[in-house]
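K.L.:
Task: produce atomic coordinates for the following.
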Amino acid sequence: MILKAILVDCIPSSLTPEEASFRLAEAESLIKTYGGIVLIKKIQKRQTPDLRTFIGSGKLKEIIEESQSIDANILIINNELKPHQTYNINEYTRSAAKCASQQASQRDKPEATRAHGAREEASGYATAEAYKPSRGGQTRKRNESANKIFKEPMQAWDRIDLILKIFQKHAGTREARLEIELASIKHMGPRIFGMGMQLSRQGGGIGTRGGGETNLEIMKRHLSKMEHSIKQELEACKKVRQLHRAGRKRLNLPTVGIIGYTNAGKSTLLNALTHKGAYAADKLFATLDTRVGKMYIHPHEILISDTIGFIQDLPTTLIKSFQSTLEESIQADVLLHVIDVSDPRFLKKIEVVNEILFKIDALMKPTIYVFNKIDRAPALNRQQLEQQFKIFHPTFVSSTTKEGLETLKHAIRDALFPTTQAPSATGVLDVIKDLKQQREQRTKDQRNEK
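P.N.:
All right, here's what the predicted structure looks like:
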């Protein structure tokens, strides 16, 4: 089934139009990566999200009405929702689907019968009892007519749901699938209460004492056991990786880890440096598994690893679920931070990556800034970037045309076998602080222009 989505982004009024446009475009790219299409895009400005539905009941009813005319089957909210908000939205859409079915089935009914049904709906969406089908061939025809109008209720996902679905689709190794399963359990765990009455029934029966466990309690215990089992398997994978790293250290093999924002060209760079033949595509999260290749820089053999890309608004719990995969790169001797300079917002993306590196305790590792895709950015001010990020030994390359790769190899050799003192932690933090101040100033200037 094709995912036909209505995309909604709820933003504060202080956000600039450029930032709002980027957020919506990135969310649309995520939907396309999953294989869906966006039928309607909406931006809603709210200082505080609605407690019940995040976007408010009025906006939700408007979206539901639109969805019925365009046959949308998914509502994606580009924010992280609380469990009860997702549940409430799905209850709204389910009630709307039943209401649409009843309205369609009543078209062929006598006037008196339609009037009776209208009274049942007077207070809003009708209850589930009002939609119980009666017997007879005539009802089946009316139900078939209703199904043509609204076959199934529109489902609601938040941003994290969408990202997890993409991860599930692209995972290639057992370890990656385990990490995604763990992340899904952590995301789903607080949401199981929203399964409502189906999970609140008692599980007692013959031979049991008392009321028995509720299905909700059984589900919680089941998820807890699954989480424990997955963590054990991931721990085993982690030990295997540690043994591999220890073996490389015994062989005195230096390691380089490629990190960066998703779709910055990390896999293409890995292929250009090592001829690994790793899968590379112009889409978000094309890579989820860690791949390792060899590169020779006289007289050294160097191992280079590539792993999952980063994206903004990733919760810490989701990042920690991929700790095992990320470990191969962040434990490397040197990091290559790949940056897509053809993206006008690449400075903001540098900030996002640095924030995630800080969360996983990798911000202070020796790092080279690799400004990639220079063939798509002929007007790039290299001199300014060289000055601004001097302590990160910036290099300018095109992984596609191979321009600048020799310069990058020299920078890698100098970083792995330094003859000068590495930059201090204070110097790194100063650059990051300066980057943030520049962004805040640009935002302020944009507001003044309005």
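K.L.:
quick one, strands of the stretch 351-450 of the chain?
P.N.:
367-372, 395-396 (DSSP state E, counting those that start in this stretch).
K.L.:
so which of those strands is the most packed in?
P.N.:
The highest average neighbour count among the strands of the stretch 351-450 of the chain, using mean count of other C-beta atoms under 10 Å, belongs to strand 367-372 at a mean of 25. C-beta: built from backbone N, CA, C; applies to glycine.
K.L.:
Summarise which helices and strands that strand is packed against.
P.N.:
helix 266-274, strand 334-340, strand 395-396, helix 405-416 (3 or more C-beta pairs under 8 Å, 6 or more residues apart in numbering; DSSP states H and E).
K.L.:
Quick one: these as TSV, columns for mean pLDDT and distance to Thr86 too.
P.N.:
Formatted as TSV, these follow (pLDDT from 0 to 100; distance: least, C-beta to C-beta, whole Å):
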stretch	mean pLDDT	distance to Thr86
helix 266-274	92	32
strand 334-340	96	32
strand 395-396	98	44
helix 405-416	94	45
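K.L.:
any weak-confidence spans in the stretch 151-300 of the chain?
P.N.:
Counting by pLDDT under 70, the stretch 151-300 of the chain contains low-confidence ranges at 151, 189-215, 277-289.
K.L.:
For the spatially most central residue of the chain, which non-adjacent residue is spatially closest?
P.N.:
Taking C-alpha atoms, centre = their mean, the centroid of the chain lies closest to Ile163, which sits 3.1 Å from it. Take Ile163 and drop its neighbours on the chain: the residue closest to it by C-beta to C-beta, 6 or more residues apart in numbering is Leu30, 6.8 Å away.
K.L.:
got a pLDDT number for the one you found?
P.N.:
Predicted confidence (pLDDT) at Leu30: the value is 93.
K.L.:
and the host helix or strand of the residue nearest to the centre of the chain, which residues are buried?
P.N.:
For Ile163, the host element (DSSP states H and E) is helix 159-170. For helix 159-170, burial by neighbour count (16 or more other C-beta atoms under 10 Å) applies to 159-168, 170.
K.L.:
From the contact counts, what lies against it?
P.N.:
helix 17-34, strand 74-77, helix 174-188, helix 316-321.
K.L.:
switch the cut-off to 6 Å
P.N.:
Judged by 3 or more C-beta pairs under 6 Å, 6 or more residues apart in numbering; DSSP states H and E, the packing partners of helix 159-170 are helix 17-34, helix 174-188.
K.L.:
quick one: the longest helix belonging to the chain to helix 174-188, angle?
P.N.:
Across the chain, the longest stretch assigned as helix under DSSP state H is helix 215-250. Compare the direction of helix 215-250 with that of helix 174-188 by axes from the mean of the first three to the mean of the last three C-alpha atoms, to 10 degrees and you get 140 degrees.
K.L.:
Show the subsequent helix or strand relative to helix 215-250.
P.N.:
Following helix 215-250 toward the C-terminus (DSSP H and E): strand 255-260.
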